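Enquirer: Mind looking at a prediction? Sequence and model below.
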2 protein chains.
Amino acid sequence: MEIQSSARVPAGVVRITDVAALAGVSPGTASKALNNTGQLRDATRQRVLQAAEQLGFTPDSRGRALSSGRSYTVGLVTTDSSGRFSIPIMQGAEDALSAGEMALLLCDTRDDPLREQHYIRTLLARRVDGIILTGRRTEARPPIRVPVPTVYAFNPSTDPADASVVVDDAGGARQLADHLLSLGRERVAHVTGPERHRSAVERATAAVAVLGDRLVGPPLYGEWTERWGRHAVDVLLRRHADVDAITCGSDQIARGVCDRLRELGRAVPTDLAVTGFDNWEVMALASRPPLTTMDLELEALGRRAAQLLLDAIAGNPRHGLLELPPRLVTRESTLGD
Amino acid sequence: MEIQSSARVPAGVVRITDVAALAGVSPGTASKALNNTGQLRDATRQRVLQAAEQLGFTPDSRGRALSSGRSYTVGLVTTDSSGRFSIPIMQGAEDALSAGEMALLLCDTRDDPLREQHYIRTLLARRVDGIILTGRRTEARPPIRVPVPTVYAFNPSTDPADASVVVDDAGGARQLADHLLSLGRERVAHVTGPERHRSAVERATAAVAVLGDRLVGPPLYGEWTERWGRHAVDVLLRRHADVDAITCGSDQIARGVCDRLRELGRAVPTDLAVTGFDNWEVMALASRPPLTTMDLELEALGRRAAQLLLDAIAGNPRHGLLELPPRLVTRESTLGD
């Protein structure tokens, strides 16, 4: 690699004086035309706008920011930007914010509280207009105290006065249980992740409530892994050989369940119906058969969080917990071919 | 949700006048102390710094930005922020930039050229100090022409004068082929993705070159899916029943290969060794058995791209293609238990 001299000089930067010169007006007049202020003839304003267009002039948004007291920038603080939950949320937020001409500053704390504090200070020093906080778990987190609006996405704040947007996990689990009952299943098992995870417990509790005595035995708690799904099948069939549906707390578990059932020669869904949770496509679609599951609608969640933040920045803050409904996606694991 | 009035007033913003008042100096003196300029007694400077610390004063970085002509901000333009390739790159870049007190502005173009143009204009209007461009494919992309330094990460620029940082796919495929040969495998097949994808062709070409007449038949091109991996096993075993290793262009394909071999009662690795590519852990670790594969080291790639950009911003731009070596990860699919 050699030294490249061309990138040193920002030759392409067009200044307002260039625009004024091409339009044949003073820089002050050009500024008024571009900022749509002052008294100008329409023809003059048009000439300046055409000159700006022709030269590819981009106004310096930092000037606008300083004069308005706003930076038109929002910070997104995530505990885990590589997580499959954080990413669609980030994408949805970015989408909603860019539509409002706001830029998104990304900060990944990697679950480190010191790193989070550093980032919050950095964002405040940059005078962000607001902050979205998101993480990969659904447990509530302690709030941050900052002088700009905040919204918590996916993992809510422990303070009910904060604005938090989360997935309605219980509602999703109820929809799946109703779906299995509507298909005539009568001996249903629930297999899920660790009992210390709020999402596992919320989904299990809702499934128990809907299924009642159609549930064979208590929920089986384990890991969020395919391996646990495979193992749980062996446990279940030993205890309840006549189970006719298994509703799982995640797509990974459900995929493991389907794999083990196939190895044992049990047909899905004719013999046993299986459901997942998350609609993580790399699991749900690769499963044999593909999984009926709940789509968490995380991109919509990210958009909604960003909209709440924009509202708060505009002077209409809200508070409280907003639960967004996930969406039932039906596939072969309950419906067959 | 109700109106929350507390978020309206930025009561917590500490101003330099507050710091000056607490330190018992004029705002001008406080400013000199905080910016480390002017002639001040050490004791005065210390008093101001302590007052700032005590009040949690954060200097407005926009002022610093305007006076230095820099924004201390870098744009990251990705075609696909949900992709599993873009994310670790983004994470690595964010890590390297935040260490240098630079903030990362995230832009997701969703593979839309118009959206990309819009974002580039937005970033220039915000006077970013530089731009990193990344995407989910390894095909070279047309360069952007902007008056600030740029670095291309993962998918290189078609212009050899630009700075591009990519994965050495061919080197990775050679390492895997060498690994299989070192284990004494003599009848090796290569199964990979679509022939129109540069990464598939580069990996296949390198495997062919190393394996020579130990390769049974030409590379099998297909899809980046588990399903294709399963299907390819049937094709291969019909043509070459005595194949003793299958090197795959991706972990997804390799996982499908392992699944089908197990269904056919063929033992991995004693009967056939299998390798993947990517070290996508959700595939490589969930595979039965877990996969020997190449880790693309994408986070390191993101860090390197950010460092090259910081160098360019500091006045030391480089140009040309920099290929970073991926890393061999050995697991049970070649080594056994």
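Expert: Nice, I can see it.

Enquirer: touching chain B at all, stretch A:185-201?
Expert: No - judged by Cβ under 8 Å from any Cβ of the partner chain, stretch A:185-201 and chain B are separated, with a smallest distance of 15.2 Å. Heads up, the C-betas are built off the backbone N, CA and C, glycines and all.

Enquirer: part of a helix, is residue A:33?
Expert: Yes - per DSSP: H, G, I helix; E, B strand; the rest coil, residue A:33 lies within a helix segment.

Enquirer: Who's the closest spatial neighbour of it, skipping the chain neighbours?
Expert: Computed as Cβ to Cβ, 6 or more residues apart in numbering or on different chains, the closest residue to residue A:33 that is not its neighbour in sequence is residue A:48, at 3.6 Å.

Enquirer: Contact partners for that neighbour?
Expert: When contacts are counted by Cβ atoms under 8 Å, 6 or more residues apart in numbering or on different chains, residue A:48 touches A:19-20, A:23, A:25, A:29-30, A:33-34.

Enquirer: same thing but 6 Å
Expert: Shown in contact with residue A:48 (Cβ atoms under 6 Å, 6 or more residues apart in numbering or on different chains): A:23, A:30, A:33.

Enquirer: Roughly how far does the first one sit from residue A:39?
Expert: Spelled out, it's residue A:23. 17 Å (Cβ to Cβ, to the nearest Å).

Enquirer: Between these two, tell me which one has more neighbours.
Expert: Neighbours were counted for residue A:23 and for residue A:39 using other Cβ atoms under 10 Å in any protein chain shown; residue A:23 has more, 22 against 5.

Enquirer: Thought residue A:47 was touching the more buried one, still the case?
Expert: Yes - here residue A:23 lies in contact with residue A:47, judged by Cβ atoms under 6 Å, at a distance of 4.6 Å.

Enquirer: doesn't residue A:234 fall inside a strand?
Expert: No - under the criterion used here (three-state DSSP), residue A:234 is helix, not part of a strand.

Enquirer: What is the neighbour count of it?
Expert: When neighbours are counted by other Cβ under 10 Å, residue A:234 registers 11.

Enquirer: What sits closest to it if chain neighbours are left out?
Expert: residue A:260 is the one closest to residue A:234 (Cβ to Cβ, 6+ apart), at 7.0 Å.

Enquirer: Next, the residue nearest to residue A:321 when sequence neighbours are not counted: secondary structure please.
Expert: Distance criterion Cβ to Cβ, 6+ apart; nearest residue to residue A:321, sequence neighbours excluded, is residue A:164 at 5.0 Å. Assigned with three-state DSSP, residue A:164 falls in the strand class.

Enquirer: when you scan stretch A:108-128, is anything in it near chain B?
Expert: Yes - interface with chain B: stretch A:108-128 contributes A:108, A:121, A:124-127 (Cβ under 6 Å from any Cβ of the partner chain).

Enquirer: Could you work out the most separated pair of these?
Expert: The widest separation within the residues of stretch A:108-128 next to chain B, taken as Cβ to Cβ, falls between A:108 and A:127 and amounts to 20.9 Å.

Enquirer: ok, the two, which is more surrounded?
Expert: residue A:108 (26 against 19).

Enquirer: Can you dump the C-alpha atoms of stretch A:178-189 in CSV for me?
Expert: Taking Å, rounded to 0.1, in the frame of the first residue of the first chain, the C-alpha atoms of stretch A:178-189 are listed here in CSV:
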residue,chain,number,x,y,z
ASP,A,178,-54.8,-21.3,20.8
HIS,A,179,-53.5,-22.3,17.4
LEU,A,180,-52.7,-25.8,18.6
LEU,A,181,-56.1,-26.1,20.3
SER,A,182,-57.8,-24.9,17.2
LEU,A,183,-56.1,-27.8,15.4
GLY,A,184,-57.6,-30.3,17.9
ARG,A,185,-54.5,-31.0,19.8
GLU,A,186,-55.3,-32.3,23.3
ARG,A,187,-52.1,-33.4,24.9
VAL,A,188,-49.6,-30.6,24.7
ALA,A,189,-46.1,-30.2,26.2
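
Enquirer: ok, and what's touching it?
Expert: A:211, A:214-216, A:236, A:242-246, A:273.

Enquirer: Also stretch A:195-203?
Expert: Defining contact as Cβ under 6 Å, 6+ apart, one finds that stretch A:195-203 is touched by A:138-139, A:169-170, A:173, A:192-194, A:221, A:249.

Enquirer: how about it: buried residues?
Expert: By neighbour count on 16 or more other Cβ atoms under 10 Å in any protein chain shown, the buried set for stretch A:195-203 is A:197, A:199-203.

Enquirer: May I have it exported as CSV, CA atoms only?
Expert: The C-alpha trace of stretch A:195-203 is given here as CSV (Å, rounded to 0.1, in the frame of the first residue of the first chain):
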residue,chain,number,x,y,z
GLU,A,195,-36.3,-20.6,34.3
ARG,A,196,-34.1,-17.6,35.3
HIS,A,197,-35.0,-15.9,31.9
ARG,A,198,-38.0,-13.7,32.0
SER,A,199,-39.0,-14.5,28.4
ALA,A,200,-39.0,-18.3,29.2
VAL,A,201,-41.2,-17.8,32.3
GLU,A,202,-43.6,-15.4,30.6
ARG,A,203,-44.1,-17.6,27.6
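
Enquirer: Against residue A:25, how distant is the residue nearest to residue A:33?
Expert: Separation of residue A:48 from residue A:25 (Cβ to Cβ): 6 Å.

Enquirer: for residue A:127, same thing?
Expert: From residue A:127 over to residue A:25 the distance is 33 Å, taken as Cβ to Cβ.

Enquirer: cool, residue A:90 as well?
Expert: Distance, residue A:90 to residue A:25, by Cβ to Cβ: 43 Å.

Enquirer: Of the two, give the one with the bigger neighbour count.
Expert: Taking neighbours as other Cβ under 10 Å, residue A:90 and residue A:25 compare with residue A:90 leading, 29 against 20.

Enquirer: any idea which helix or strand carries the residue nearest to the spatial centre of chain A?
Expert: By Cα atoms, centre = their mean, chain A has its centre lying nearest to residue A:89, at 1.6 Å. Residue A:89 belongs to helix A:86-99 when assigned by DSSP states H and E.
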